[in-house]
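# sequence and computational prediction follow.
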Amino acid sequence: MNVVTKTITMSDGRTITIETGKLAKQADGSVMVRMGNTMLLATVCSAKDAVPGTDFMPLSVDYKEKFASNGRFPGGFTRREGRLDDYEILISRLVDRALRPLFPSDYHAETVVNVTMYSADGIDMPDALAGLAASAALSVSDVPFEGPISEVRVARIDGQFVVDPTFEQLEKADMDIMVAATLDNIMMVEGEMNEVGEDDLLEALKVAHEAIKIHCQAQLELMQEVGKAKRVYCHEENDDELKEKVRKECYDKAYQMAASSCADKHKREEGFKAIVDEFKAQFSEEELETKGALIDKYYHDVEKDAMRRCVLDEGKRLDGRKLNEIRPIWCEVGYLPGPHGSAIFTRGETQSLSTVTLGTKQDEKIVDEALIQGHDRFLLHYNFPPFSTGEARTVRGVGRREVGHGHLAWRALKRMIPEGYPYVVRVVSDILESNGSSSMATVCAGCLALMDAGVPIKKPVAGVAMGLISENKGTNYAVLSDILGDEDHLGDMDFKVTGTKDGITATQMDIKVDGLSYEILAKALAQAKEGRLHILGKITDTLAEPRADLKPHAPRIEVMEIPKEFIGAVIGPGGKIIQGIQAETGATISIEEVDDCGRVEIAATNKEALDGAKAKIKAIVAIPEVGEVYSSTVKSIMPYGAFVEFMPGKEGLLHISEIEWKRFESMEDTGLKEGDTIDVKLLDIDQKTGKFKLSHKVLIPKPEKKG
């Protein structure tokens, strides 16, 4: 067994070890990465040949956390791990987006990367190690890969940048970003922050890159020591003569189409398609059976080059806009009467219809992951139906892309929800039209819908997607604001930035080329701020601030705190008391222990129900006072007296001798029966037993003695 290990020492003294040659040796490449007691196994397997006709990189990345890694049982009926949850999908996407651009453009074999957490102690965050593990597995394999890369998390805590913080440290951070990079270039960024400046984000990227360079160097040394040669492959058959013919006969027409300033997406697509269809007309059906796919491939390259040259040489974009120009925007709020808030945000040919639903504690999302348990009170879901792009296809559930886009919008808006807001909030964005950056439309529509619902967000939030066309390693470039779908597909960068007027709240960036300098990033951020402020102006023109009140049909919630010792009294045996209050008033009540008190949340659709439930709870938690007179209800009759409830949830014995001034031989003589009401005075409370001494006779005149 030839085990090879490399150790990376971090600036704070912690170490990361990369080990290969011990586990999963039948995979094309495998490594175990360890930091403290957190251990991730990464494997890569790639098919020897490509499926005929495949002209893309069929890469799959799965990140999975085992519950046993932290000594826990999975939830659910089967008590075993199932498909990836949203969190695991998000980490899988982070790794995928960093790796995908670094495979050779002509490599088309099915490739699967698996990263599995097998051990963790809840101190170090495993997701920050997933990119390093995946890259190391590829580096020691024979799979062609133009890496290595690594990923690190950078947090700003008390003004200082911390690389790969612990769970505890991250709770104090005002910036949390994940960065992936090679030795030379940043490839991917995603994260959230508390209204930070553009310069702060750039500084965080530089800190991340310095740490990543050390990771990459360790992988290069590991790869050299393992000494596995990269495989020889041939996944493409090319026809240089046909390629030149396509370029010669189609390029000028494609350039004219790109420069025609056609703002209609479908007309533009038809125009580009007509060029290649005209070219194909010179071939017979038999010839197209063998050459058709190659023609499409070569024409795609021609179309891409024409669009890029048009931007770089003439400053002309496909729809005729200036480089920093935002497409026309229109917004509307309150469009739907049923939801608690709604908004439409349309920017060019991208449109989001977003709704807001306000709920109670019972609507919280339960978080039950291997290392994280808790509840989410702010939810955002993003849906991308096929009709939004005119595609005739049925919906088959939520895809990874929808999870990722929704998460970015969630990050953009979540810090604007006030702390302690009593409602659980769910935003749903349905994309009705799409041509570029529907996630940023979701941020804008979601912001408007929140304000329409009367959620008192701290500040409005907007987002914009930036693109890049560059050549010669960035020496000649153009930064594009509010990119179209085609500009994203044919360009070199997709850089989404969200924020308020005062700073950035979230960002996501994917780079497709080498040589992206910090100068270009700085220009993109400055141009993004300009676009964001423009969009914020359109949002506030539509609705300047949150509505002063909720919609009439929205639930009304009040939160009250009660002494911890009264929680049981409000709930009652088997939930009898709280269920009775809910049934009688129509309100919904939830109660939990928070710190040293009980937090009671009361929700109702009308004030009468809310006040009624609140009054009953206040009566239960009221402290009995010696000397006070209470109207009580007889609950049970005993030979020695009657047990009466003189306050909700509080019973005491009215002894037979305390009913009247005269002597009764039995309780039957008193005439009291269950359900009767009788006034009693609280004479005393036994401090040891908590029992109440009650009397009725002291409330009536004492008969004078005869004689």
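Cool, the structure landed.
# kindly provide the distance from Phe387 to Arg393.
9 Å (C-beta to C-beta, to the nearest Å). Using the backbone N, CA and C atoms, a C-beta is placed for each residue, glycine as well.
# what sits closest to Ile123 if chain neighbours are left out?
Of all residues not flanking Ile123 in the chain, Thr166 sits nearest, at 5.3 Å (C-beta to C-beta, 6 or more residues apart in numbering).
# picking that back up, Phe387 and Arg393 - which one has more neighbours?
Phe387 (14 against 9; other C-beta atoms under 10 Å).
# what secondary structure does that one sit in?
helix (DSSP: H, G, I helix; E, B strand; the rest coil).
# use 39 as the first number from now on
Let's use 39 as the start, then, which means that last one is Phe425.
# distance of it relative to Glu471?
Distance from Phe425 to Glu471, by C-beta to C-beta: 9 Å.
# and for Cys300?
Distance from Cys300 to Glu471, by C-beta to C-beta: 17 Å.
# try Met73
The value you get for Met73 to Glu471, if C-beta to C-beta is used, is 45 Å.
# out of the two, which sits in the busier spot?
Between Met73 and Glu471, Met73 has the larger neighbour count (other C-beta under 10 Å), namely 22 against 19.
# I figured that one was touching Leu167, is that so?
Yes - between Met73 and Leu167 there is a contact under C-beta atoms under 8 Å: 6.1 Å.
# related to what we said a few turns ago, so what's the residue nearest to Ile161 bridging to?
Asp162 (DSSP bridges).
# what's the closest non-adjacent residue to the residue positioned nearest the centre of the chain?
Nearest residue to the geometric centre of the chain (C-alpha atoms, centre = their mean): His445, 3.1 Å. Once flanking residues are discounted, His445 sits nearest to Leu128: 5.6 Å by C-beta to C-beta, 6+ apart.
# then Leu563?
Glu236 (4.1 Å).
# can you mark which positions in whichever strand or helix holds Leu518 are buried?
In the assignment (DSSP states H and E), Leu518 maps to strand 514-519. If you call a residue buried by 16 or more other C-beta atoms under 10 Å, then strand 514-519 has these buried ones: 515-519.
# what distance do you get for Lys104 to Val608?
40 Å.
# ok, these two, which is more surrounded?
Neighbours were counted for Lys104 and for Val608 using other C-beta under 10 Å; Val608 has more, 20 against 16.
# contacting residues around the helix or strand that one falls within?
Assigned by DSSP H and E, Val608 belongs to helix 605-609. Helix 605-609 is contacted from outside by 600, 615-616, 629, 631, 636, 638, 655, 658-659, 687-688, using C-beta atoms under 8 Å, 6 or more residues apart in numbering.
# quick one: average pLDDT of it?
Averaged across helix 605-609, the pLDDT comes to 87.
# quick one: buried residues of it?
Neighbour-count burial for helix 605-609 [16+ other C-beta under 10 Å]: 605, 607-609.
# any residues touching the very next helix or strand once past it, and which ones?
Downstream of helix 605-609, the next assigned helix or strand under DSSP H and E is helix 614-623. Helix 614-623 has contacts (C-beta under 8 Å, 6+ apart) with 607-610, 625-627, 629, 642, 647, 650-651, 654-655, 658, 686-687.
# go through helix 614-623 and flag the buried ones.
615-616, 619-620, 623.
# just curious, which of those is nearest to Thr45?
Ile616 (56.9 Å; C-beta to C-beta).
# what about the helices in the stretch 239-388 of the chain?
For the stretch 239-388 of the chain, the helices defined by DSSP state H, counting those that start in this stretch occupy 278-296, 303-318, 323-352.
# please disregard the earlier target; I meant the stretch 489-638 of the chain.
Under DSSP H, counting those that start in this stretch, the stretch 489-638 of the chain gives helices at 523-528, 556-580, 605-609, 614-623.
# quick check, distance from the longest one to the centre of its chain.
Helix 556-580 sits 23 Å away from the centroid of its parent chain (C-alpha atoms, centre = their mean, to the nearest Å).
# only the C-alpha atoms, please, for the host helix or strand of Thr81, written as PDB.
In this assignment (DSSP H and E), Thr81 forms part of strand 76-84. The C-alpha trace of strand 76-84 is given here as PDB (Å, rounded to 0.1, in the frame of the first residue of the first chain):
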ATOM      1  CA  THR A  76     -13.500  16.500  10.300                       C
ATOM      2  CA  MET A  77     -12.800  14.100   7.500                       C
ATOM      3  CA  LEU A  78     -14.000  14.100   3.900                       C
ATOM      4  CA  LEU A  79     -13.500  11.300   1.300                       C
ATOM      5  CA  ALA A  80     -13.400  12.500  -2.300                       C
ATOM      6  CA  THR A  81     -13.500  10.200  -5.300                       C
ATOM      7  CA  VAL A  82     -13.600  10.700  -9.000                       C
ATOM      8  CA  CYS A  83     -14.500   8.200 -11.700                       C
ATOM      9  CA  SER A  84     -14.600   9.000 -15.400                       C
END
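# and Gly687, what pLDDT?
69.
# that should have said Leu486, apologies.
Leu486 is given a pLDDT of 98.
# what does the one 3 residues further on give?
In this prediction, Met489 carries a pLDDT score of 98.
# which ones are touching the nearest residue to it once chain neighbours are set aside?
Residue nearest to Met489 in three dimensions, not counting chain neighbours: Pro584, with 4.4 Å by C-beta to C-beta, 6+ apart. The contact partners of Pro584, by C-beta under 8 Å, 6+ apart, come to 488-489, 491-495.
# redo those as a markdown table? Include distance to Gly458.
Output for the contacts of Pro584, formatted as a markdown table (distance: C-beta to C-beta, whole Å):
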| residue | distance to Gly458 |
| --- | --- |
| Leu488 | 16 |
| Met489 | 19 |
| Ala491 | 17 |
| Gly492 | 16 |
| Val493 | 13 |
| Pro494 | 11 |
| Ile495 | 14 |
